[in-house]
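In: structure for the following, please:
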Amino acid sequence: MAARVLVVGNGGREHTLAWKLAQSDHVEQVLVAPGNAGTACSEKISNTAISISDHTALAQFCKDEKIEFVVVGPEAPLAAGIVGNLTSAGVRCFGPTAEAAQLESSKRFAKEFMDRHGIPTAQWRAFNKPEKAYSFIMSADFPALVVKASGLAAGKGVIVAESKEEACKAVQEIMQNKAFGAAGETIVIEERLEGEEVSCLCFTDGRSVAPMPAAQDHKRLLEGDCGPNTGGMGAYCPAPQVSKDLLLKIKNTILQRTVDGMQQEGMPYTGVLYAGIMLTKDGPKVLEFNCRFGDPECQVILPLLKSDLYEVIQSILDGLLCTSLPVWHENRTAITVVMASKGYPGDYTKGVEITGFPEAQALGLEVFQAGTTLKDGKVVTNGGRVLTVTAIQENLISALEEAKKGLAVLKFEGAIYRKDIGYHAIALLQQPRGLTYKESGVDIAAGNMLVQKIKPLAKATSRPGCDVDLGGFAGLFDLRAAGFKDPLLACGTDGVGTKLKIAQQCNKHDTIGQDLVAMCVNDILAQGAEPLFFLDYFSCGKLDLNTTETVVAGIAKACGKAGCALLGGETAEMPDMYPPGEYDLAGFAVGAMERDQKLPHLERITEGDVVIGVASSGIHSNGFSLVRKIIAKSTLQYSSPAPDGCGNQTLGDLLLTPTRIYSHSLLPVLRSGHIKAFAHITGGGLLENIPRVLPQKLGVDLDAQTWRIPRIFSWLQQEGHLSEEEMARTFNCGIGAALIVSKDLTEQILRDIQQHKEEAWVIGRVVACPEGFPRVRVKHLIDTMQINGSALENGILKNHVFVQPKRARVAVLISGTGEMWPLYYRAFETIAKGKVEGVRQTVEEGETRREEKMANPSSLVS
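Out: Residues are numbered from 1 along each chain as shown. Down below sits the predicted model:
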């Protein structure tokens with residue numbers, strides 16, 4: 001069904017938004033309020049006279065006209081609360097609330113917010129009395145030369161002074177002469193930063209951030225960046241000053257940190273976030289925030305958007321941006337040049353006829369109108385900035401030449417425009433430079449800085465046997481100092497698999513380190529070994545210090561839990577090997593045990609021994625390729641609330657629950673000598689891991705009704721329609737470790753385990769297993785999951801009702817020595833599959849008679 005959408009505003013930005021939305025197959029009509037001559041009458045776009053200041057009337061209009069959603073272009077309606085008012089009335093609206101829009105509407109709020117959240121910005125002070133401002137300018141220990149009106153001033157409320165005297169004059173203009181009206185009642189005085197200014201915008205749904213290509217606009221009226229400040233005389237995109245790596249850094253240290261901070265302060269920010277950034281020698285610093293698309297940046301960014309803007313906005317409104325990230329055209333450059341009225345930014349004449357639109361269109365240019373209106377069927381000027389000419393080409397120089405052709409055919413009396421838009425970038429691109437290792441993508445200085453940051457984290461994991469000090473060629477460990485007399489060493493290596501993809505999509509990196517450590521130390525624990533030290537391997541395309549430090553901090557914390565030292569590691573920065581923001585992990589653990597403590601004790605395991613299951617914390621770190629496939633086909637996203645019964649968290653947070661580390665709780669139990677075998681339930685699930693610690697002719701029977709299966713497994717089984725075998729072979733199903741013990745010691749061992757705060761149950765027993773038979777048989781697994789998957793509400797079972805299919809009871813008598821039993825069984829299983837309740841087998845062996853009941857036709861108990 002085709003949708004109708006409403007764009008609020010009347011500038012070139014709003015014309016561009018309407019133009020891009022109209023390209024969507026989902027959109028039937030774009031209404032613009034109040035619009036301009038460019039949005040008045042095209043195939044899908046038209047203006048409407050509805051008031052945008054009367055939010056009640058506007059909400060009713062949207063309902064009457066069946067408007068799918070409203071897109072707010074300028075800042076003033078956002079600051080006036082249009083989003084909150086329309087949303088409360090049941091109308092979907094794209095943009096931040098008035099509270100969130102304070103990032104733009106109050107410079108003071110924005111600066112205080114940046115200080116609270118560690119977002120890099122210029123030094124500053126706010127004043128509401130001019131005398132104190134004068135005194136500060138003259139005495140500040142930094143160049144306090146930037147004077148800003150704290151409120152909204154249509155993008156013109158900033159004066160960059162060349163001297164202290166000029167800065168004091170700016171204070172007088174704003175505060176005493178009321179140059180910007182009430183917006184200047186409070187002013188912000190900032191340090192004047194040196195560097196190049198760029199515009200970095202992003203889409204956000206309040207959690208995820210999707211950066212747009214960086215742009216650069218030109219504020220000064222005249223060529224060479226001379227003349228008075230304006231709302232912008234042109235822009236280009238992408239800005240070559242901002243590499244992919246730098247854009248990623250800006251995303252993580254500024255854009256994502258801002259969105260996270262707003263969420264933490266109870267003002268979720270959704271829509272478009274615009275950060276005006278100065279590229280200083282100390283890194284990018286925020287000059288200001290805007291809470292919407294810039295104008296004219298919008299006219300060069302949206303033409304490069306390959307994705308459907310309607311779909312992008314819908315994903316943001318649904319809180320699902322992370323699953324539908326925008327895609328941008330590669331190897332294309334857009335440039336736009338503003339044509340302004342004579343006298344702008346001062347007084348100017350209106351009503352001057354504009355010609356040349358058909359000629360510009362024939363050149364393949366996009367002309368986005370701003371200060372225009374229709375008069376007697378002609379397009380005439382109606383504002384200071386009249387229109388923008390946008391060209392899209394393979395490179396910046398070609399785009400500028402094409403735009404100039406448009407300037408030559410579009411005519412109105414007194415038109416003012418610049419012919420040097422993009423000259424900073426052109427000069428940069430034409431400048432010959434020698435290559436460096438850093439420019440090739442490897443930043444040795446960043447690597448050294450990372451080592452300094454993680455040194456104390458690793459040092460804190462020192463233990464008897466080693467004193468950690470990163471930076472050497474190798475790490476040393478003294479087994480004798482650790483108390484070992486006749487030790488055997490055990491080693492294990494592992495990774496985290498595609499669970500990493502979820503961590504990267506959710507931008508949550510603080511728990512994945514525990515997964516890595518747990519996967520390795522739990523493996524060597526299965527040999528009876530005490531974890532001694534750990535080594536990690538972190539590889540990426542471009543080193544991001546914050547992300548890497550967070551991951552390594554998680555590894556160090558997990559090593560502390562496991563009782564092993566983080567003795568060393570490798571950080572590999574490999575350009576072009578990984579997309580921006582992605583990385584991979586591997587770990588290596590070494591442990592030791594006295595020779596007589598080695599597990600498993602295969603010679604001691606006998607039929608009738610008990611299987612104790614120790615609870616997992618969830619999925620742990622296996623099966624995530626299947627998990628991701630199930631979620632991709634489901635209606636949920638990682639940002640969605642977790643399924644019923646899985647706690648008050650997002651699905652992404654639930655899936656990222658770290659793998660449990662068992663060394664602290666289970667090592668004392670293993671040291672007791674009562675444990676015959678320990679199986680870590682890792683890749684291969686219950687079916688493949690328990691046989692690894694059993695003698696060849698033995699297997700286990702498990703009963704899923706005896707342990708607690710976390711709700712997430714039930715959801716995965718039902719959502720993915722997974723078979724019993726698939727569940728048991730892929731996932732741990734709630735059992736992180738399985739212990740084989742003597743029946744008479746079961747109660748004591750359970751008490752010992754529970755004393756160490758682990759949840760454990762008797763889940764089965766060891767049985768004889770003839771060759772060719774399944775070595776692990778799990779009864780009631782699907783039944784238990786389906787019952788567990790039924791949502792309990794107020795004590796009443798609802799929704800999923802498991803209906804047991806009708807089955808027959810069949811008796812089969814097989815006489816003989818039993819050598820042919822496997823063949824008989826397989827034939828009978830094939831015939832009876834899905835129709836027989838169970839099989840009772842009786843085998844006579846001399847004077848011994850054994851009788852067992854099978855759980856289902858696909859599992860044999862002998």
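In: pLDDT below threshold where in the stretch 751-862 of the chain?
Out: 789-862 (pLDDT under 70).
In: likewise for the stretch 351-500 of the chain?
Out: Checking the stretch 351-500 of the chain against pLDDT under 70 turns up 433.
In: now the helices for it?
Out: Using DSSP state H, counting those that start in this stretch, the helices found in the stretch 351-500 of the chain span residues 357-362, 396-409, 423-430, 444-459, 499-506.
In: output these in JSON lines; the columns should cover distance to Val198 and mean neighbour count.
Out: C-beta here means a position set from N, CA and C on the backbone, and glycine is covered the same way. What follows is the helices of the stretch 351-500 of the chain, written out as JSON lines (distance: least, CB to CB, whole Å; neighbours: other CB atoms under 10 Å):
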{"stretch": "helix 357-362", "distance to Val198": "28", "mean neighbour count": "14"}
{"stretch": "helix 396-409", "distance to Val198": "14", "mean neighbour count": "19"}
{"stretch": "helix 423-430", "distance to Val198": "10", "mean neighbour count": "15"}
{"stretch": "helix 444-459", "distance to Val198": "21", "mean neighbour count": "15"}
{"stretch": "helix 499-506", "distance to Val198": "25", "mean neighbour count": "20"}
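In: for Glu196, which of these is the nearest?
Out: Of all the helices of the stretch 351-500 of the chain, it is helix 423-430 that lies closest to Glu196, at 6.6 Å by CB to CB.
In: now the angle from that closest one to helix 396-409?
Out: 140 degrees (axes from the mean of the first three to the mean of the last three CA atoms, to 10 degrees).
In: name the helices or strands packed onto helix 423-430?
Out: Packing partners of helix 423-430 (3 or more CB pairs under 8 Å, 6 or more residues apart in numbering; DSSP states H and E): helix 396-409.
In: count of neighbours near Ile189?
Out: A count of neighbours around Ile189, defined by other CB atoms under 10 Å, yields 25.
In: how about the contacts made by it?
Out: Contact partners of Ile189, counting by CB atoms under 8 Å, 6 or more residues apart in numbering, are 124-127, 133, 136-137, 140, 144, 146-148, 167, 171.
In: quick one: least confident of these?
Out: Minimum pLDDT for the contacts of Ile189 is recorded at Ala144 (74).
In: how near is it to Phe357?
Out: Distance, Ala144 to Phe357, using CB to CB, to the nearest Å: 47 Å.
In: with distance to Phe113 added, can I get the helices of the stretch 351-500 of the chain in TSV?
Out: Converted to TSV, those look like this (distance: least, CB to CB, whole Å):
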stretch	distance to Phe113
helix 357-362	43
helix 396-409	35
helix 423-430	30
helix 444-459	26
helix 499-506	24
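In: so Lys342 belongs to a helix, correct?
Out: No. According to DSSP: H, G, I helix; E, B strand; the rest coil, Lys342 belongs to no helix; its state is coil.
In: pretty sure it is touching Thr349, no?
Out: Yes. Between Lys342 and Thr349 there is a contact at 6.7 Å, judged by CB atoms under 8 Å.
In: more neighbours: which of those two?
Out: Lys342 (16 against 11).
In: tell me how many other residues crowd the nearest residue to the more buried one once chain neighbours are set aside.
Out: Sequence neighbours aside, Gly414 is the residue nearest to Lys342 in space, at 2.9 Å (criterion: CB to CB, 6 or more residues apart in numbering). By other CB under 10 Å, the residues close to Gly414 number 13.
In: dump the residue contacts of Gly414.
Out: Ser341, Lys342, Gly343, Thr349, Val352.
In: show the pLDDT at the second one.
Out: You'll see Lys342 listed with a pLDDT of 96.
In: how far off centre is the helix or strand harbouring Ser665?
Out: Using DSSP states H and E, Ser665 sits within helix 663-671. When distances are taken as CA atoms, centre = their mean, to the nearest Å, helix 663-671 is centred 37 Å away from the chain's centroid.
In: same question, stretch 209-223
Out: 26 Å.
In: and what of stretch 17-24?
Out: With CA atoms, centre = their mean, you get 27 Å for stretch 17-24.
In: before I go, just wanted to say thanks for your time.
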